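>>> Based on what follows, work out the 3D shape:
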Amino acid sequence: MIALAGVVAVGTIGYVVLGFAWLDALYQTVTTVATVGFREVEPLSNTGKVFTIALILVGVGTTLYAFGVLMETLIEGRLQDLLGRRRMNRTIAEMHDHVIICGWGRVGRSIAEDLGAGGRPVVVVDLAPERVEACPLPCLLGDATEDETLEQAGIARARALVAAVDSDAANLFVTINARALNPGLFIVSRVRSDSNEDKLRRVGADRVVNPQAIGGARMAAFVLQPNVAEFVDVVMHDRNLEFRLEELVVPPGSALDGATLRDARLRDQTGAMVLALRDEAGAFTTNPTPESAIRAGQVLIAIGTGDQLCALEAILRD
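A predicted model of the protein is given here:
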């Protein structure tokens, strides 16, 4: 369409140079490239005839090609795909605090399912067209190791990124680029080889996960302590269960900053139970005593119903 508009513009300007009025020049150009040819608006000199011949050769071919492509697009249904892709890009451009999942394989699909159950918006990036077409979530076709692709996925506005590509090398590049584009991003990276875990941490991954190792440990836990393993599994992943585990950050300026768990009386006020405290250095205090102090910046690991956990979060932010 741009080429066709260019031909019409060049033809109109050419006829104006040959002495035509602007409207007459446009009319002469359109009738020429459209192969209608009602009449010549003005008598043509030899130069005008040469120009018209050139316009016919270029313009008619461009017109036929443009309309051929347009009909092909309409017939094959590609126009709907293009419009759908534009809508998808607009949707992604409006997303904030979302999670970018790089890789739509079995691991990526499992992650997206759990994140969706938790109400977290997700954007998927994958190289395979057939995977992108089958993805029910906002999805981009592209290479996640390239900055442009991550920027299209809204990495500057994202809350977290999961590098779940099947290759450790690809996950390494994704992590490096993601950390450079958004230094405050929380990055979880998949790893297949134990020897690459330290490399991924060094380049900026906040957490490195080996699905095979975790799967083996989980199976062993079901053998050794099946009830404990199933309880933790249900509490962490079953959204239909009334009780669940949650992590809550103590914000700066909280009224509970400096108070002990005994003084805070969180269990009495909310019904939620604090199972562990984690300080800003990353150290855990499991099964904290009543004398354990609450500090701003700490993370409270608590268990309770949805209402109880909401009440606990409200007290922390009061």
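
>>> tell me which element E246 falls in.
E246 belongs to strand 243-249 when assigned by DSSP states H and E.

>>> Identify all contacting residues around the following helix or strand past that strand.
Later in the chain than strand 243-249, the nearest helix or strand by DSSP H and E is helix 261-264. If you take CB atoms under 8 Å, 6 or more residues apart in numbering as the criterion, helix 261-264 is touched by L256, V274, P288, T289, P290, E291, S292, I294, I315. In short, each C-beta sits where N, CA and C put it, glycine included.

>>> Any buried residues in stretch 199-216, and which?
Residues of stretch 199-216 classed as buried under the neighbour-count rule (16 or more other CB atoms under 10 Å) are K199, L200, V203, G204, A205, V208, V209, N210.

>>> and what of stretch 230-249?
Using 16+ other CB under 10 Å as the burial criterion, the residues of stretch 230-249 that qualify are F243, R244, E246, L248.

>>> for the nearest residue to the second one once chain neighbours are set aside, what are its contacts?
Okay, so that is R244. Using CB to CB, 6 or more residues apart in numbering and skipping the chain neighbours, the partner closest in space to R244 is V235 (5.8 Å). By CB under 8 Å, 6+ apart, the contact set of V235 is L241, F243, R244, L245, I303.

>>> okay, the residues you listed in a markdown table with pLDDT next?
Output for those, formatted as a markdown table (pLDDT from 0 to 100):
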| residue | pLDDT |
| --- | --- |
| L241 | 64 |
| F243 | 74 |
| R244 | 79 |
| L245 | 82 |
| I303 | 88 |
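
>>> for these, which one is nearest R218?
L245 (16.2 Å; CB to CB).

>>> which residues does that closest one bridge with?
Counting by DSSP bridges, L245 forms beta bridges with I303.

>>> Identify the residues contacting it.
For L245, the contacting residues are V235, M236, L275, I301, A302, I303, by CB under 8 Å, 6+ apart.

>>> Equivalent analysis for V41, please.
By CB under 8 Å, 6+ apart, V41 lies in contact with F20, D24, Y27, Q28.

>>> And it, how far from D279?
According to CB to CB, to the nearest Å, V41 stands 85 Å off from D279.

>>> so which strand or helix has the residue sitting nearest the centre point of the chain?
Among the residues of the chain, the one closest to the centroid is V123, at 2.8 Å (CA atoms, centre = their mean). Per DSSP H and E, V123 falls inside strand 122-126.

>>> What of G215?
Per DSSP H and E: helix 211-224 holds G215.

>>> Against which helices or strands is that helix packed?
Packing partners of helix 211-224 (3 or more CB pairs under 8 Å, 6 or more residues apart in numbering; DSSP states H and E): helix 226-237.

>>> could I get the helix it packs on in PDB with only the CA atoms?
Coordinates of each C-alpha in helix 226-237 appear next as PDB, following Å, rounded to 0.1, in the frame of the first residue of the first chain:
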ATOM      1  CA  PRO A 226       4.000 -38.700  52.500                       C
ATOM      2  CA  ASN A 227       1.500 -36.900  54.700                       C
ATOM      3  CA  VAL A 228       3.900 -34.000  55.400                       C
ATOM      4  CA  ALA A 229       4.800 -33.700  51.800                       C
ATOM      5  CA  GLU A 230       1.100 -33.800  50.700                       C
ATOM      6  CA  PHE A 231       0.100 -31.200  53.300                       C
ATOM      7  CA  VAL A 232       2.800 -28.800  52.100                       C
ATOM      8  CA  ASP A 233       1.900 -29.500  48.500                       C
ATOM      9  CA  VAL A 234      -1.800 -28.800  49.100                       C
ATOM     10  CA  VAL A 235      -1.200 -25.600  51.200                       C
ATOM     11  CA  MET A 236       1.200 -24.200  48.600                       C
ATOM     12  CA  HIS A 237      -0.700 -25.000  45.400                       C
END
